[in-house]
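Asker: fold the following and give me the result.
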Amino acid sequence: MSARRRQSSNFPLALIALGLLLILGAGGWYLYQVLNPGETVQTSPQGEGDYPDVPRVSLADAKAAHEAGSAVFLDVRDAESYTQSHIVGALSIPLNELSERMGELDKSAWIITYCT
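Answerer: Numbering: from 1, shown residues only. Next comes the predicted model:
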């Protein structure tokens, strides 16, 4: 009977140890996330960046233009990325070919470029 009593008295101690391990693990995971943030996407506010004379289009406006068919979407990623996924109906002209292929685009159309 004393062995059984010893075993049952260790059970609460085991639960406390398990709880402490869980708390330490959660704390360690939190610190890892804070100290090692994942890849971040940097965006420029409208009117700033490398091409201040090119207006930026909000996601809502681009979605509305896509649904209305009032804009041409131009995917400037490489052909492999375009093949993997792209906006339905988007044209594919990789950025490194754009200057030579500008003639393929209607200059009077609203052209929305994207690369992600």
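
Asker: got the domain boundaries for this protein?
Answerer: Domain assignment for the chain by automatic domain parsing gives 1-41, 59-114.

Asker: any idea which of those domains gets closest to Pro52?
Answerer: domain 59-114 (15.7 Å; CB to CB). Every C-beta, even on glycine, is put in place using the N, C-alpha and C of the backbone.

Asker: can you give me the end-to-end span of that closest one?
Answerer: 11 Å (CA to CA, to the nearest Å).

Asker: can you map out the helices along this protein?
Answerer: Using DSSP state H, the helices found in the chain span residues 2-35, 59-68, 79-84, 98-101.

Asker: tell me which of those helices lies nearest to Tyr114.
Answerer: helix 59-68 (8.1 Å).

Asker: can you mark which positions in the closest one are buried?
Answerer: 62, 65-66 (16 or more other CB atoms under 10 Å).

Asker: now it: mean pLDDT?
Answerer: Mean pLDDT, helix 59-68: 92.

Asker: check stretch 89-99 too.
Answerer: On average, stretch 89-99 scores 93.

Asker: hey, C-alpha coordinates of it in PDB?
Answerer: The C-alpha trace of stretch 89-99 is given here as PDB (Å, rounded to 0.1, in the frame of the first residue of the first chain):
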ATOM      1  CA  GLY A  89      -6.900  36.900 -68.200                       C
ATOM      2  CA  ALA A  90      -3.600  38.500 -67.300                       C
ATOM      3  CA  LEU A  91      -1.000  39.100 -70.000                       C
ATOM      4  CA  SER A  92       2.500  37.800 -69.400                       C
ATOM      5  CA  ILE A  93       5.400  40.000 -70.300                       C
ATOM      6  CA  PRO A  94       8.400  39.400 -68.100                       C
ATOM      7  CA  LEU A  95       9.900  42.600 -66.800                       C
ATOM      8  CA  ASN A  96      13.300  42.000 -68.600                       C
ATOM      9  CA  GLU A  97      11.300  41.800 -71.900                       C
ATOM     10  CA  LEU A  98       9.000  44.700 -71.300                       C
ATOM     11  CA  SER A  99      10.900  47.500 -73.100                       C
END
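
Asker: thinking again about what came up before, out of the domains of the chain, deepest packed?
Answerer: With neighbours defined as mean count of other CB atoms under 10 Å, these peak in mean count at domain 59-114, which reaches a mean of 13.
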